[in-house]
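Peer 1: how would this look folded up:
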Amino acid sequence: MRPSNTSSRYATLDGLRGAAAIVVVFVHFHALYHLPDIEHGYLAVDLFFAMSGFVIANAYDRRLSSGELSWQQYFVLRLFRLYPLYCAGLVLGVIALLYRLPASDWREIASAVPAGLLMLPSHAPLRTFYPFPERYDFIYPLDFPAWSLFFELVASLAYGLFFRHLTTRLLICVMCVSGVSLGIAAYVSGLAHGVEWPTFCVGFARLGYAFPAGLLLYRFHRPARRRESLSAVLIVAVVFGLLFMPWSTLHQPAVDLLIALVVLPAIVWAACRVEPSARLLPLFAFSGAISYAIYVLHVPFAFLLQDLAFRGHFLSHPYALSAVLLLPGIVLLTWCADRYYDTPVRRALLARSRRWLTARPVRTAAADATMPE
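Peer 2: Numbering: from 1, shown residues only. Below you'll find the predicted structure:
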């Protein structure tokens, strides 16, 4: 396996994460901006899975292969990375749903809380988009974008447990099986699945292709990186254009497969080859820093924003106000969450666990507080 580079950050990947998170916001609230359905925006999650595989391999391949970390220590570090902001999204989601839904639905909200606190899926169909009457059987009903975090945890656990057995041949086999499953799913029901219980299994196929692809991209990429601001910006722009492009729905299964199986891994490969200039580096780093928070907080934040605006009868244009405030509001919220909540909490967790985490000769655990994944 290839050893880690001296620099563990890939700024263009940071920019991609931020771009993908913004795409997800528009996917969920396109009607607020009078946009048509964003036909391929859901594939941003597949991009997240591929980038996660690459970044996790960059951060942990060498440490696990050398014995510096046990799989238990590694998995605890992953929980430290994911749980604090997930928990914030859960709390904000409960508040948003309690405010949105009538009291008759509060029992269903409460029934999902125990599993939610354990970061586990739960079965609690809710009228998430009330006053519309439909109940949605999301696997994470209190903050439905968190569905992909379950698959992130599955991938993280499998990577840690079976790290020494994850040969290139095995990873390619997993990708082939998952690719065939994606092909079947694309033509039977589409790839925009995994978030609800009836299509839960599709999420495993999406993860099973993209995450190993990221691991393999790390193993075979060339470590040399060039500073090419134009190329870095172009890669981010391509992601926006690709996921927003209004392809004909007649060819959507084929286009989805082409993007998921070929284009997104190629974008990750290209992104790890170039870096933005020093002038653009802070913007790309900021984009990566808030991307996870945007992903887990944007739905409950937008629900609260819309409901408060519509219930404020003194407002003459609540719909327009919500549209204007959503993006700057979520960026400000996530910046505050990253700076004043997530980073301090993770540092405190690492400090309290330092003795256990350094039971083996590992590098300073606090360094993981700065890891993008």
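Peer 1: Going by C-alpha atoms from here, please, whenever you check contacts or count neighbours.
Peer 2: Will do.
Peer 1: Quick check: buried residues in stretch 12-30?
Peer 2: 12-30 (16 or more other C-alpha atoms under 10 Å).
Peer 1: what's the average pLDDT for stretch 260-269?
Peer 2: Averaging pLDDT along stretch 260-269 yields 96.
Peer 1: Can you list the buried residues in it?
Peer 2: For stretch 260-269, by 16+ other C-alpha under 10 Å, it's Ala260, Leu261, Val263, Leu264, Pro265, Ile267, Val268, Trp269.
Peer 1: Could you list which of the residues you listed belong to helices?
Peer 2: Leu264, Pro265, Ile267, Val268, Trp269 (DSSP state H).
Peer 1: Show me which of these is closest to Asp143.
Peer 2: Leu264 (25.8 Å; C-alpha to C-alpha).
Peer 1: rewinding a little: and which of the buried residues of stretch 260-269 is nearest Val174?
Peer 2: Scanning the buried residues of stretch 260-269 for proximity to Val174, where the rule is C-alpha to C-alpha, the winner is Leu261, at 13.0 Å.
Peer 1: Wait, the closest one touches Val180, no?
Peer 2: No - if you go by C-alpha atoms under 8 Å, Leu261 and Val180 don't touch, sitting 10.3 Å apart.
Peer 1: can you count the residues close to the residue lying closest to Leu142 once chain neighbours are set aside?
Peer 2: Spatial nearest neighbour of Leu142, excluding adjacent residues (C-alpha to C-alpha, 6 or more residues apart in numbering): Gly93 at 5.2 Å. Gly93 has 25 neighbours, counted by other C-alpha atoms under 10 Å.
Peer 1: Could you measure from Gly93 over to Trp356?
Peer 2: Distance, Gly93 to Trp356, using C-alpha to C-alpha, to the nearest Å: 33 Å.
Peer 1: could you pull out the helices for the stretch 1-150 of the chain?
Peer 2: Under the criterion DSSP state H, counting those that start in this stretch, helices of the stretch 1-150 of the chain are mapped to 11-28, 44-65, 71-100, 106-117, 147-161.
Peer 1: Any chance of the ones you listed in JSON lines with mean pLDDT and distance to His34 as columns?
Peer 2: As requested, these are exported to JSON lines (pLDDT from 0 to 100; distance: least, C-alpha to C-alpha, whole Å):
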{"stretch": "helix 11-28", "mean pLDDT": "95", "distance to His34": "10"}
{"stretch": "helix 44-65", "mean pLDDT": "96", "distance to His34": "21"}
{"stretch": "helix 71-100", "mean pLDDT": "97", "distance to His34": "22"}
{"stretch": "helix 106-117", "mean pLDDT": "97", "distance to His34": "30"}
{"stretch": "helix 147-161", "mean pLDDT": "96", "distance to His34": "26"}
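Peer 1: okay if I get those as a markdown table plus distance to Pro198?
Peer 2: Shown next, in a markdown table, are the helices of the stretch 1-150 of the chain (distance: least, C-alpha to C-alpha, whole Å):
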| stretch | distance to Pro198 |
| --- | --- |
| helix 11-28 | 20 |
| helix 44-65 | 18 |
| helix 71-100 | 22 |
| helix 106-117 | 18 |
| helix 147-161 | 13 |
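Peer 1: so which of the ones you listed gets nearest Ser189?
Peer 2: helix 44-65 (16.8 Å).
Peer 1: Please state the offset of that closest one from the chain centre?
Peer 2: Mean-position distance between helix 44-65 and its chain equals 12 Å (C-alpha atoms, centre = their mean, to the nearest Å).
Peer 1: tell me what it is packed against?
Peer 2: Helix 44-65 is packed against helix 11-28, helix 147-161, helix 200-220, helix 264-271, with contacts defined by 3 or more C-alpha pairs under 8 Å, 6 or more residues apart in numbering; DSSP states H and E.
Peer 1: May I see the ones you listed organised as a markdown table, with distance to Cys173 added?
Peer 2: Putting the helices and strands packed on helix 44-65 into a markdown table (distance: least, C-alpha to C-alpha, whole Å) gives the following:
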| stretch | distance to Cys173 |
| --- | --- |
| helix 11-28 | 26 |
| helix 147-161 | 15 |
| helix 200-220 | 10 |
| helix 264-271 | 16 |
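Peer 1: closest to Ala320 out of the ones you listed?
Peer 2: helix 11-28 (15.1 Å).
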